[in-house]
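[1] Any chance you can model this:
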Amino acid sequence: MRIIFPQALREIALFIMLLSGIAVSAQVVSSTPPLPVDSDPVIITFYADQGNQGLKDYSGEVYAHTGLITSNSSGGSDWKYASDWGDNSAKYKLTRVSPNTYTLDIGSSIRDYYGVPASEIIEQMAFVFRSHDNSLEGKDEGGKDIFVNVAQDKLSVLIHEPLNNSIHEKGATVQVKVDAIFNEQLELKVNGTTVETSTGQSITYDIVNVSLDEYKIEAIARNGSETETDEIHFFVKGDVVTEPMPAGLRRGVNVMDATTVNVVLFAPNKEYVYLVGDFNNWEPSNSAMMKKDGDYFWLTIDGLDQSQEYAYQFWISGGVKVADPYATKILDPWNDKYIPERIYPNLLAYPEGKTDEIVSVLTTADQTFNWEVADFVVPEPETLVVYEVLIRDFTHNQDIKTITDTISYLKRLGVNAIELMPFNEFEGNDSWGYNPSFYFATDKAYGTVEDYKTFIDECHKQGIAVIMDMVLNHSFGQSPFARMYLGEDGRPKDNPWYNTEHNMEEPAAQWGHDFNHESLETKALVDSVCSYWLKEYKVDGFRFDFTKGFTNTPYPAGDWASAYDADRIAILKRMASNIWQIKDDALIIFEHLSDNPEEKELSNHEQGILFWGNANHEFNQATMGYSGSDFSWASYQRRGWERPAIINYMESHDEERIMYKNQAYGNSSGDYDVKNLPTALQRTEAAAVFLMPIPGPKMIWQFGELGFDLSINRCTDGTVSDNCRLAQKPPKWEYMDDEDRMRLFTVYQQLIKMKVNEPVFSTNDFILDVTGNSKRIKLNMSGSDVRIIGNFGMEAAVIRPQFSTTGKWYSIFTQDSIQVTDVDMEVRLKPGEYMMYSQKRLSGFDSNTSTGDHLEKEEITFFPNPFSSTVTINSEATGASYELFSITGVVIEKGMLTGGSTTVNWGHLPNGHYLLKVNGKNGSVVKKMLKR
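    Numbering: from 1, shown residues only. Below you'll find the model as predicted:
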């Protein structure tokens, strides 16, 4: 259905009208006159008992949130001249004429009411009606916005009813309503035959006993020699064919060969389903009606071209249009236009003018990815060091491809696992990802399927596991699993996958639609989702969001479901067991945060489930210089667990940043002030030295190793507000030019290297004495004992490391050794100072070199450092070579060294930190350099 505009605007106008659902909107609102002109006044009548009925029987004041779709709009969601949400000005107030009927007087003209210049064409008025306090909304069915078409001051014609591509019952009477302006004659044709003419501005005509598969309706308006035409098609539903599906089909698209697919939808209690798309011109003819087999609908589509992608959608009885829930790619009419071409090149265009809502995409092309690492060996959980990443905020390009180019930085840091915050399709483009909509499609805002798989393969080549953050507690309103079965109130109704009511009454624990994890269909979906990502993308495991929600046990308001829940435990064990049947070394991590007995039991299940362990408060109290911090709950033994299954972290995406609070709220004593940046960083070093060595897996939030100090609630304008928690945060790669921050990086680097490589850091013989300001950790393993001491107070303190033996002990971070003559000797530490002693030299003992003793004996030196242009490298080694790396690990320069001195000119390089690696016959040495 479309209104007559200049030819260049006809397609966008049709698209917008389809978005609005004209036949439905005519029930929610009407206009006087029926076809308003932009230069004339108009009265809008709103029927609150129609559409979503959000304001039905409401007795308070009702206001319009309104704007326009104009020639400058990119689509139906791109309102222009819109009022501010919550604006209760008199011009937006509706007049109640009966309990559920209201009017809005637009005024002298539409153009004047909205303030639109004459050069801009007005195509539609857009509305959402709301209560005075914004708590209730009156919208179209399915929660859509409401639209009223606007004509220009010229000959125009519009078929109001029926809706283009609408579906009607056989034998029904279909009423056709046509309006025109500036016409002398109006003609109506049905299937090419004139059925009525008029010299007036409207025709209403009934087509009785419809029986044909398709009807073509034409309305022709004439004024002298000028003619305008509107055309729509509607379809008559045939009988649903019941026929068994071919064996072996799964839900979603089944590619049979280069030209044929079988498409399957599971839709219990649905009367009929049409499969429409690019392959049948989006027409719901009887040939597009899917065959029925019990609770399944299926259809074979042939004649496809494997070089093409095809958009498609299910049109389900009850007027519901959904994309394929099992789609591996979708097109979003509201958000795709904001994805840069560099991130997703050649993205298939949304089928504007054909349908509305999200559509899915299929192809018969071979999509096999050439994996270079077929069988990656996942790190052992006790040596796991996870780096949590939000793709959006990790690089300036905000894409997965750029992070692939940055893997060398993470490799140099030493982490052996990367946990990506949710990257399956979520609502919108700018999000943390915890509002999932499609569970089998990657989010296009971060890149292509090839980009994601390349990232995972490159991580595996570098020995880094990839963990996917997965949200199966809930999903939001765009999920087709939800949209197929929503009641008039917008909540799931008779839904195979979701609860109608949240089992938790605490409002803060309610997000989107709550999965019913007792349902067999939900269990099957969970298994399918996990299997898909493990097999198709070779992810190494999952971090499951809010697993406390995987239960139907009722909990009252104020209760966050932390108590032992046997039903929930059974659900989670079943899920984990299924994952391990697919990949026996998969990492399974729960954000559970329940009472200890439940986590303890789950940690002992089969291979062992891992748990997030939030240590933010305790460690931040210590870094800020306040008493009362206790690190002991970071010990799995303190919790009474048999396995080191707790992933301790000082920061995750969900906590305020350690360094922000250090600088905002840090303590002070005399000249010693934690708010001072170097002091705050040094105390964060101390915290890392106490966190990382505690036996068990650990996690770092992105840029934590550089002391990220922007608040979690930072707004994009630099202010801080609770409303900006999810706002974008700038990546801070410039931190690497700060010596103090790079010192923190180096400390993390050393700690991670020891964590991964030294067995003593996984010992089960350890003691934490970490309740006061003076803290101590003892790690015991024959011949490899480690002692860690730290002063988190604000004054100097004397601490006993409690050495296990006398003799030589290595001081890891001062790069020297001490001779212990008394195991009870005391060490004096300044505020914020820390020490780590070991019985043997540990991995990463020297923070400035990765060499062994042999290459050092070859006496390689270089000067000056810092440098401005030329650098002289002295080497007694013959046949040595050098490589200069950027701080992220990219090779900048390389060459050979002659015996004696070699001078190189690096004056063309930008200022900053570099790494010089010299390779000799006895090994290699790496030195940090600074160009100024």
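
[2] which stretches of the stretch 251-400 of the chain form helices?
    With DSSP state H, counting those that start in this stretch as the criterion, the stretch 251-400 of the chain has helices at 391-394, 400-404.

[3] Below-threshold pLDDT in the chain: ranges please.
    The model of the chain has pLDDT under 70 over residues 1-26, 844-859, 877-878, 887-889, 921-924.

[4] just to revisit the earlier point, with respect to Trp282, which of the helices of the stretch 251-400 of the chain lies nearest?
    helix 400-404 (32.1 Å; C-beta to C-beta). All C-beta atoms are positioned from the backbone trio N, CA, C, and that covers glycine.

[5] list the helices and strands the helix or strand just after the closest one packs on?
    Following helix 400-404 in sequence order, the next helix or strand is helix 407-413 (DSSP states H and E). Packing contacts for helix 407-413, counted by 3 or more C-beta pairs under 8 Å, 6 or more residues apart in numbering; DSSP states H and E, involve helix 449-461, helix 739-757.

[6] Return the distance of helix 407-413 from the chain's centre.
    23 Å (C-alpha atoms, centre = their mean, to the nearest Å).

[7] following that helix, which helix or strand comes up?
    strand 417-420.

[8] Mind listing residues that contact that next one?
    Residues outside strand 417-420 that contact it (C-beta atoms under 8 Å, 6 or more residues apart in numbering): 379, 384-389, 391, 410, 459, 464-469, 540, 543, 587, 589, 699.

[9] and what of stretch 268-285?
    For stretch 268-285, using C-beta under 8 Å, 6+ apart, the contacting residues are 165, 167, 213-214, 233, 235, 237, 240, 263, 265, 267, 287-290, 292, 295, 297, 299, 301, 303-304, 308, 310-318, 351, 354-355, 359, 362, 484, 494, 496.

[10] Quick one, which of these are buried?
    165, 167, 233, 235, 237, 240, 263, 265, 267, 288-290, 292, 297, 299, 301, 304, 310-316, 351, 354-355, 359, 362, 484, 496 (16 or more other C-beta atoms under 10 Å).

[11] need the longest strand for this protein.
    strand 226-237 (DSSP state E).

[12] Please name the strands paired to that strand in the sheet, noting orientation.
    strand 166-169 (parallel), strand 214-223 (antiparallel) (DSSP bridges).

[13] and of these, who's closest to Pro693?
    Taking the strands paired with strand 226-237 one by one with C-beta to C-beta, strand 166-169 is closest: 66.3 Å.

[14] May I see the buried residues of that closest one?
    So strand 166-169, judged by 16+ other C-beta under 10 Å, has buried residues 166-168.

[15] Can you lay out those residues as CSV showing distance to Ser762?
    Output for those, formatted as CSV (distance: C-beta to C-beta, whole Å):
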residue, distance to Ser762
Ser166, 66
Ile167, 64
His168, 69
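
[16] Specify the beta-bridge partners of the closest residue to Met256 other than its chain neighbours.
    Nearest residue to Met256, sequence neighbours excluded (C-beta to C-beta, 6 or more residues apart in numbering): Asn262, at 6.1 Å. Beta-bridge partners recorded for Asn262 (DSSP bridges): Asn254, Thr300.

[17] quick one: contacts for Asn262?
    Per C-beta under 8 Å, 6+ apart, neighbours of Asn262: 245-246, 249, 253-254, 256, 298-301.

[18] just Thr402 next, same as before
    395-396.

[19] now swap in Pro556 and tell me
    So Pro556 contacts 505-506 (C-beta under 8 Å, 6+ apart).

[20] For the residue nearest to Ser108 when sequence neighbours are not counted, give its distance to Leu104.
    Of all residues not flanking Ser108 in the chain, Pro41 sits nearest, at 5.7 Å (C-beta to C-beta, 6+ apart). Per C-beta to C-beta, to the nearest Å, Pro41 is found 11 Å from Leu104.

[21] Looking at the two, which one has more neighbours?
    Leu104 (25 against 16; other C-beta atoms under 10 Å).

[22] Count the residues that sit near the nearest residue to that one once chain neighbours are set aside.
    Spatial nearest neighbour of Leu104, chain neighbours left out: Ile44 (4.4 Å); criterion: C-beta to C-beta, 6+ apart. Neighbours of Ile44 under the rule other C-beta under 10 Å: 22.

[23] and Ile44, what helix or strand is that in?
    strand 43-47.

[24] Does anything pack onto that strand? Which helices or strands?
    So strand 43-47, by 3+ C-beta pairs under 8 Å, 6+ apart, packs with helix 22-28, strand 29-32, strand 62-70, strand 101-105, strand 122-131.

[25] try it again with 6 Å
    strand 29-32, strand 101-105 (3 or more C-beta pairs under 6 Å, 6 or more residues apart in numbering; DSSP states H and E).

[26] ok, Tyr660 to Val210 distance?
    With distances taken as C-beta to C-beta, Tyr660 is found 66 Å from Val210.

[27] Tell me the span between the first and last residue of stretch 765-781.
    7 Å (C-alpha to C-alpha, to the nearest Å).

[28] let me redo that: stretch 343-356
    Note: stretch 343-356 ends 25 Å apart using C-alpha to C-alpha.

[29] Also stretch 394-414?
    Stretch 394-414 has an end-to-end distance of 17 Å (C-alpha to C-alpha).

[30] Enumerate every residue touching the closest residue to Thr547 other than its chain neighbours.
    Using C-beta to C-beta, 6+ apart and skipping residues adjacent in sequence, the residue nearest Thr547 is Phe590, 4.3 Å away. Going by C-beta atoms under 6 Å, 6 or more residues apart in numbering, Phe590 touches 544, 547, 609, 611.

[31] between those, which is nearest Met692?
    Phe611 (17.7 Å).

[32] Would you mind naming the residues that bridge with the closest one?
    Beta-bridge partners, per DSSP bridges, of Phe611: Phe590, Ile646.

[33] can you tell me how far Pro693 sits from Asn757?
    13 Å.

[34] what about these two, which has more around it?
    Higher neighbour count among Pro693 and Asn757: Pro693, with 22 against 13, using other C-beta under 10 Å.

[35] OK, contacts around the residue positioned nearest the centre of the chain?
    Nearest residue to the geometric centre of the chain (C-alpha atoms, centre = their mean): Gly433, 2.3 Å. By C-beta under 6 Å, 6+ apart, the residues touching Gly433 are 421-422, 426.

[36] if we can go back for a sec, correct me, but the residue nearest to Leu104 touches Gly107?
    No. Counting by C-beta atoms under 6 Å, Ile44 sits too far from Gly107 to count as a contact (11.1 Å).
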